[in-house]
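**Student:** structural data only, the sequence is not supplied:
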């Protein structure tokens, strides 16, 4: 059983568009503000004009936004100028954090140029914002991303890209219709070890791939947290948004980010996809990349006989390769079985058996996968400027999220599902097809 031949877009030499660099229009006050914060030693060679910067707005200011904002602050050709959250406390926290870092980086005593919004559509209405970073819970991803594209903004959206299958196809449609650049936050594609692992698979160094194990967490479950007193500093109706109006509990959304836990909204099916989606969007994404399946996915899903099981789902690609959601006792990661060897890859290990496979030097004739120049975040900024596709574009993110969403459906229904990746429909299964989308609450 052989892996699918790569698309030309996967190669290092893929064609890029010849569109000229985008020219961003700034009003005078924004331009002057941008000029004032550039330190004197930068002027001259290497100076990036304010009109050539990418102005960013952040939507969703929870714990993940701390790391994301620090990544974008490091890039001299991207500038965070706005933020939005339904929590007034998180708006104030994010503004203070980003402005403090900018002041330190720009050698200024203070910096005051990040505007805050409680309604994300107000942020999208600001013409000086070129692109948005979306780090809200999963149930908001697609709606906010599509609204951003419609308003003329490019999008960086956290993984998993979508909460339902239909949302993914809608995001792809609107990205194609508007020409906006969408980067999925599956940053493992920008890491050298993961790219090399996928190149080893693509080029047959493990032989023919027969089976892949993926260990990530449990499927989503219904919300069951006890109601707590609602803090006055949050618009809880808007936090829930299109999801059911859930009872407030600080474990899914604390009033500030100075907590020692990751908010666990991701566990619950109303607003997340379980850790199966949360980490599956990373690890199934690597399987997709390694097998050359970025525009498709498995065609058959067979859940375990025990309907209470949270591992054991089997998935099959059209070429017969089997992927199993299984704990191989090394934490979240992927294990490839080939006719010539085995490989384990995660954020904590990268090993092959035989060991010499790991040190293979790729030949000039071998397929090379997309290699980012700096990191996942700069890759998106570069794609915006050049109007090219980033390393993990909207179609790629949608297909990887689809595997996770279908896996949740298979576990819930407890029956074999036959999936048509081209039509994006289940064959002869009305119950599963109804679960491709959800009914949005009016709020």
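**Tutor:** Sure thing, it's come through. What you are looking at is a predicted structure, and each value in this text was computed from that prediction instead of being measured. Residues are numbered from 1 along each chain as shown.
**Student:** for residue 148, give me its contacts.
**Tutor:** By Cβ atoms under 8 Å, 6 or more residues apart in numbering, the contact list for residue 148 reads 59, 124, 132, 134, 154, 155, 180. C-beta here means a position set from N, CA and C on the backbone, and glycine is covered the same way.
**Student:** wait, the fourth one sits on residue 141?
**Tutor:** Yes - shown here, residue 134 and residue 141 form a contact pair, counting by Cβ atoms under 8 Å, at 6.2 Å.
**Student:** what touches both of these two?
**Tutor:** What both residue 134 and residue 141 touch, as defined by Cβ under 8 Å, 6+ apart, is the set 157, 158.
**Student:** quick one on the thing from earlier: the contacts of residue 148 in strands, which ones?
**Tutor:** 59, 132, 134, 154, 155 (DSSP state E).
**Student:** ok, which pair from those is furthest apart?
**Tutor:** Of all pairs drawn from those, the greatest distance, 13.1 Å, lies between 59 and 154 (Cβ to Cβ).
**Student:** tell me the pLDDT of the nearest residue to residue 433 once chain neighbours are set aside.
**Tutor:** Excluding the flanking residues, the one nearest residue 433 by Cβ to Cβ, 6 or more residues apart in numbering is residue 426, at 5.1 Å. On pLDDT, residue 426 comes in at 98.
**Student:** over to residue 77?
**Tutor:** 81.
**Student:** hmm, residue 55 and it touching each other?
**Tutor:** No - Residue 77 is not in contact with residue 55 according to Cβ under 8 Å; the separation is 10.5 Å.
**Student:** and those two? which has more neighbours close in?
**Tutor:** Neighbour count, other Cβ atoms under 10 Å: between residue 77 and residue 55, residue 55 has more, with 21 against 14.
**Student:** quick one on the thing from earlier: can I get the ones in strands among the contacts of residue 148 in TSV with distance to residue 311?
**Tutor:** Listed next are the ones in strands among the contacts of residue 148 as TSV, based on distance: Cβ to Cβ, whole Å:
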residue	distance to residue 311
59	34
132	36
134	30
154	38
155	33
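**Student:** excluding covalently adjacent residues, which one is nearest to residue 213?
**Tutor:** residue 335 is the one closest to residue 213 (Cβ to Cβ, 6+ apart), at 4.2 Å.
**Student:** partners of the helix or strand encompassing that neighbour, with directions?
**Tutor:** Using DSSP states H and E, residue 335 falls within strand 333-338. Under the criterion DSSP bridges, strand 333-338 sits next to strand 209-215 (antiparallel), strand 342-345 (antiparallel) in its sheet.
**Student:** for those strands, which one sits closest to residue 315?
**Tutor:** Among those, the nearest to residue 315 by Cβ to Cβ is strand 209-215 (8.9 Å).
**Student:** any idea how far that closest one is from the middle of the chain?
**Tutor:** Chain-centre distance of strand 209-215: 22 Å, with Cα atoms, centre = their mean, to the nearest Å.
**Student:** the helix or strand following it - contacts with which helices or strands?
**Tutor:** Using DSSP H and E, the next helix or strand after strand 209-215 towards the C-terminus is helix 236-240. Using 3 or more Cβ pairs under 8 Å, 6 or more residues apart in numbering; DSSP states H and E, no helix or strand is in contact with helix 236-240.
**Student:** what's the offset of helix 236-240 from the middle of its chain?
**Tutor:** With Cα atoms, centre = their mean, you get 22 Å for helix 236-240.
**Student:** what sits up against that helix?
**Tutor:** 86, 87, 118, 119, 230, 245, 246, 248, 253, 271, 441, 443.
**Student:** give me the buried entries from the residues you listed.
**Tutor:** 86, 87, 246, 248, 253, 271 (16 or more other Cβ atoms under 10 Å).
**Student:** return the member of those residues nearest to residue 197.
**Tutor:** residue 271 (32.2 Å).
**Student:** quick one: which helix or strand includes the closest one?
**Tutor:** Element membership for residue 271 (DSSP H and E) is empty, with no helix or strand holding it.
**Student:** where does the stretch 51-200 of the chain have low pLDDT?
**Tutor:** Judged against pLDDT under 70, the low-scoring parts of the stretch 51-200 of the chain cover residues 51, 76.
**Student:** now residue 432: which helix or strand?
**Tutor:** helix 430-434.
**Student:** whoops, residue 68 was the one
**Tutor:** Assigned by DSSP H and E, residue 68 falls in helix 63-73.
**Student:** and that helix, what's buried?
**Tutor:** For helix 63-73, by 16+ other Cβ under 10 Å, it's 63, 64, 65, 66, 68, 69, 71, 72, 73.
**Student:** appreciated, that's everything.
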